[in-house]
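J.: 3D, please:
(2 chains)
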Amino acid sequence: MPLFGKSQKSPADVVRALKESVNALERGGEKKAEKAQEDVSKNLVLIKNMLYGTSDAEPQTDIIVAQLAQELYNSNLLLLLIQNLSKIDFEGKKDVAQVFNNILRRQIGTRSPTVEYICTKPEILFQLMAGLVKCLYVYSELYGLICRYETQEIALNCGTMLRECARYEALAKIMLNSDDFYNFFTYVEVSTFDIASDAFSTFKELLTRHKILCAEFLETNYEKVFSHYQRLLNSENYVTRRQSLKLLGELLLDRHNFTVMTRYISNPDNLKLMMNMLKERSRNIQFEAFHVFKVFVANPNKPKPILDILLRNQEKLVEFLMKFHTDRAEDEQFNDEKAYLIRQIQELRPVPGH
Amino acid sequence: MDKKMCNTSKSYDNSENVDDDFENEREVNNRIFSVESDEELPPVSGGELWINDNGIEDDVNICNFFHRVDSDQIIYQTKKRKLKIIGKYVMGDLLGEGSYGKVKEMLDIDTLCRRAVKILKQKKLRRIPNGEQNVQREIRLLKLLKGDKHKNICNLVDILYNEQKQKMYLVMEYCVGSLQSLLDSTPSKRFPFYQAHGYFTQLIDGLEYLHGMRIVHKDIKPGNLLLTLGGELKISDLGVAETIDLFAEDDTCHNGQGSPAFQPPEIANGLECFPGYKVDIWSAGVTLYNVTTGIYPFEGDNIYRLFENIGTGNFTIPDEIEEPLKGLLLGMLRMDPQRRFSIQDIKKHAWFLQRPPRLGEEVPIPPFRGDELHSMTVLPYLIEHYYDCHSDAGSDIQFITERDLNGAKTEKRQTTEERQHADVEHEEEMEETDIVHNSETDTRL
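T.: A predicted model of the protein is given here:
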């Protein structure tokens, strides 16, 4: 107990106080809400300081942090905070994310207790994702300034928390396998640039972080995922189109996704899409499309429908590729690949007997 | 050529032709270079740079200057820092030297990022077996990875060519040393467990990325794992790496050229083909074994003995290594590549998941030429060029004879006096040579 200054509140006290103020905030009422908001922020700062320390004080000992974490689990406060995130003030929202992320990273030996806790309470994840998505609908339906402001505030905070969760395979698995995951496909397309790109980075993290998990997910949910993905590639939003095309290239060329790649390049519709994208107005999109298109051509076992399309366009493709991005003279890799593709296409012959 | 120019002579007339002067200085530099490269001379004191590491051109015809001078009559000159700009990079000091060429520090003028540059000379590459092919393959791979910039790979930033000099400059991310240099700096040759754990998890992240990009590194070892000042590990040297074909059914590779002590049994036993990714797992296992114990799992007096030992797959783990680390090492060093751990197995292993307690002294990054902070070596060149040059040019330039050098240890004080003496004498003359220097600085690519 320090001789001067405020006496240290115990974790149980702080958590209880925070819970009461969040409850008050949830109930609302004009005057009360303002007071409650203040209390919430104050208690959040106390918790944050226990975890991170301040310029004057070190973070609390492991025992205190363990107690704090236990109190947070028992009081169900993590979920409560996320549910009421939009009502908490600006600094408070950031503090919620910081506290959440710190508690999530906590380890005892090989165990991550918070990860285990969230596994038993996946509502937290759904709330984080739903938080984003619900706001999107409000946004897209009303186009109101106030709504727009509010969505942004929560979206970015939820984004940091979600990405922190996505680092853990167990949590990433829950998110990938939930129906809410497919809302990301709408979400990355929203016209507010910072929200869309933040959502896209979460989306990408989920699809690339845990290689084996992602490969299994893509294999088992192939139809559903790629029919949604097709929409992104056809999006009217330039950024979405370009980002998703780039990610597609990365996914297909990753050795872990070998099975997915072979399946993708057997579908003539995908080839048609890429051939159209080669002719897009944007040079960047043309270039990204090239890196997916090359896989179709390089495939040593082209299925007949693919071969047919390439054969039908044999001359045109050769002519097109000859003139394709000729100013990239310094990019040897690209020029080698292009020359290889041209040779491959020129040498294409129909399979006898068909 | 006037003989007296190379001697310590008070009658030296500094109103002579500047060109002559310059050539003469070059010759002196040549000598300094050859003496330095034999590493016979101890450096006199930390502040001076004797070595002219800017690479003296080989095309100077030595015969023209050949004449006898007593060794104690030679004047050595401390190097004047010449600002050298290549493309958009300012050149700094030599960081290290490998079989393929020198590595120097650089500063990106546009972004002010510190970089390291590998300088490759075609002449030198031709002399190394497979030199050119290896470099070409490495560049190809580096370009492949350039787009993503994984944080645990030492990425290529830029490539510059100088056709005239037949040189190639590979601009890479800046690192301060390898795990090997850290190990060498401690008597026990190993890291405390928590430090080893921090590096190992990053190594596995980097490897997973490389394998995803269908690249087998084949030469994982502490010497190829570099560190940034922030303690981030970066896998480097793709010189013997191999790519798996996009449509290959599996990761079969056919040859191994990596460092012998880190090779797996299948290569030691000379198998025709073997699964590639498991080679890296084995080498990473030997690396982990090495950085936690300070010894190697397999040793041998020569490469045949060594391969014989590796080929048996029998090794022991010192008693101080306990579970779960022991289990991880046994899993990664399984003789049968099929049964050897995969990256996935490693990532789920208890030792990988836990954070070992911070016990024992962390091994710091060893200082670079006595500088613990690894200060930017480009800066002195810039300061000299822009701030010192005109106000008091030549104040740093000192002339020392061989005798001074030899006596440096015992008669330090005397030497400085002499140097100061010489300093005053030749101050004006140096101002003139400066002009020549600067005109050379403008050689751009």
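
J.: mind giving me the packing neighbours of the helix or strand hosting residue B:208?
T.: Following DSSP states H and E, one finds residue B:208 within helix B:193-212. The elements that helix B:193-212 packs onto, with contact taken as 3 or more CB pairs under 8 Å, 6 or more residues apart in numbering or on different chains; DSSP states H and E, are strand B:233-235, helix B:276-293, helix B:343-347, helix B:350-353. All C-beta atoms are positioned from the backbone trio N, CA, C, and that covers glycine.

J.: what about the helix or strand following that helix and chain A, touching?
T.: Once the chain leaves helix B:193-212, the next helix or strand it forms, by DSSP H and E, is strand B:215-216. No. Strand B:215-216 lies out of reach of chain A by CB under 8 Å from any CB of the partner chain, never closer than 9.1 Å.

J.: run through who's touching strand B:215-216.
T.: Defining contact as CB atoms under 8 Å, 6 or more residues apart in numbering or on different chains, one finds that strand B:215-216 is touched by B:141, B:144-145, B:210, B:238, B:241-244, B:251, B:253, B:276-277, B:279-280.

J.: recalculate using a threshold of 6 Å.
T.: Applying CB atoms under 6 Å, 6 or more residues apart in numbering or on different chains, the external contacts of strand B:215-216 come out as B:241-243, B:253, B:276.

J.: what of stretch A:12-30?
T.: Under the criterion CB under 6 Å, 6+ apart, residues A:36, A:39-40, A:43, A:46-47, A:71, A:75, A:77, A:80, A:84, A:87 lie in contact with stretch A:12-30.

J.: buried sites along it?
T.: For stretch A:12-30, burial by neighbour count (16 or more other CB atoms under 10 Å in any protein chain shown) applies to A:14-19, A:21-22, A:24-25.

J.: so the helix or strand hosting residue A:251 versus helix B:193-212, what angle?
T.: Using DSSP H and E, residue A:251 maps to helix A:238-253. Inter-element angle recorded for helix A:238-253 and helix B:193-212: 90 degrees (by axes from the mean of the first three to the mean of the last three CA atoms, to 10 degrees).

J.: how about helix A:238-253 against chain B, any contact?
T.: No. Using CB under 6 Å from any CB of the partner chain, helix A:238-253 stays clear of chain B, coming no nearer than 7.2 Å.

J.: what's that helix packed up against?
T.: For helix A:238-253, the packing partners by 3 or more CB pairs under 6 Å, 6 or more residues apart in numbering or on different chains; DSSP states H and E come out as helix A:222-233, helix A:283-298.

J.: if we can go back for a sec, could I get the buried residues of stretch A:12-30 as JSON lines with secondary structure?
T.: Formatted as JSON lines, these follow (DSSP: H, G, I helix; E, B strand; the rest coil):
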{"residue": "A:14", "secondary structure": "helix"}
{"residue": "A:15", "secondary structure": "helix"}
{"residue": "A:16", "secondary structure": "helix"}
{"residue": "A:17", "secondary structure": "helix"}
{"residue": "A:18", "secondary structure": "helix"}
{"residue": "A:19", "secondary structure": "helix"}
{"residue": "A:21", "secondary structure": "helix"}
{"residue": "A:22", "secondary structure": "helix"}
{"residue": "A:24", "secondary structure": "helix"}
{"residue": "A:25", "secondary structure": "helix"}
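
J.: before we move on, the earlier item: got the angle between the helix holding residue B:208 and helix B:276-293?
T.: Going by the same axes, to 10 degrees, helix B:193-212 is angled at 170 degrees with respect to helix B:276-293.

J.: what residues of the helix holding residue A:251 count as buried?
T.: Those would be A:240-253, for helix A:238-253 by 16+ other CB under 10 Å.

J.: distance check, the closest residue to residue B:303 other than its chain neighbours against residue B:332.
T.: Nearest non-adjacent residue to residue B:303, counting by CB to CB, 6 or more residues apart in numbering or on different chains: residue B:260, 5.2 Å away. From residue B:260 across to residue B:332, the span is 18 Å (CB to CB, to the nearest Å).

J.: which of those two has more residues huddled nearby?
T.: residue B:332 (23 against 16; other CB atoms under 10 Å in any protein chain shown).

J.: quick check: closest non-adjacent residue to the more buried one.
T.: Leaving out its chain neighbours, the residue that sits closest to residue B:332 by CB to CB, 6+ apart is residue B:285, at 3.0 Å.

J.: so the one you found touches residue B:331, yeah?
T.: No. Here residue B:285 does not reach residue B:331: they are 8.0 Å apart, not a contact under CB atoms under 6 Å.

J.: neighbour-wise, which of those two wins?
T.: residue B:285 (24 against 18).

J.: coming back round to it: deepest in the core, which of the helices and strands packed on helix A:238-253 is it.
T.: Highest mean neighbour count among the helices and strands packed on helix A:238-253 (mean count of other CB atoms under 10 Å in any protein chain shown): helix A:283-298, with a mean of 20.

J.: by contact count, what packs against it?
T.: Packing partners of helix A:283-298 (3+ CB pairs under 6 Å, 6+ apart): helix A:238-253, helix A:268-278, helix A:332-346.

J.: pLDDT score assigned to the nearest residue to residue B:237 once chain neighbours are set aside?
T.: Computed as CB to CB, 6+ apart, the closest residue to residue B:237 that is not its neighbour in sequence is residue B:224, at 4.4 Å. Residue B:224 is assigned a pLDDT of 94 by the prediction.

J.: again, but for residue B:373
T.: pLDDT for residue B:373: 85.

J.: likewise for residue A:310?
T.: 95.

J.: now swap in residue B:198 and tell me
T.: pLDDT for residue B:198: 95.

J.: how close does the closest residue to it other than its chain neighbours get to chain A?
T.: Of all residues not flanking residue B:198 in the chain, residue B:231 sits nearest, at 7.3 Å (CB to CB, 6+ apart). Distance, residue B:231 to chain A, by CB to the nearest CB, to the nearest Å: 18 Å.

J.: helix, strand, or coil at residue B:231?
T.: Classification of residue B:231 using three-state DSSP returns coil.
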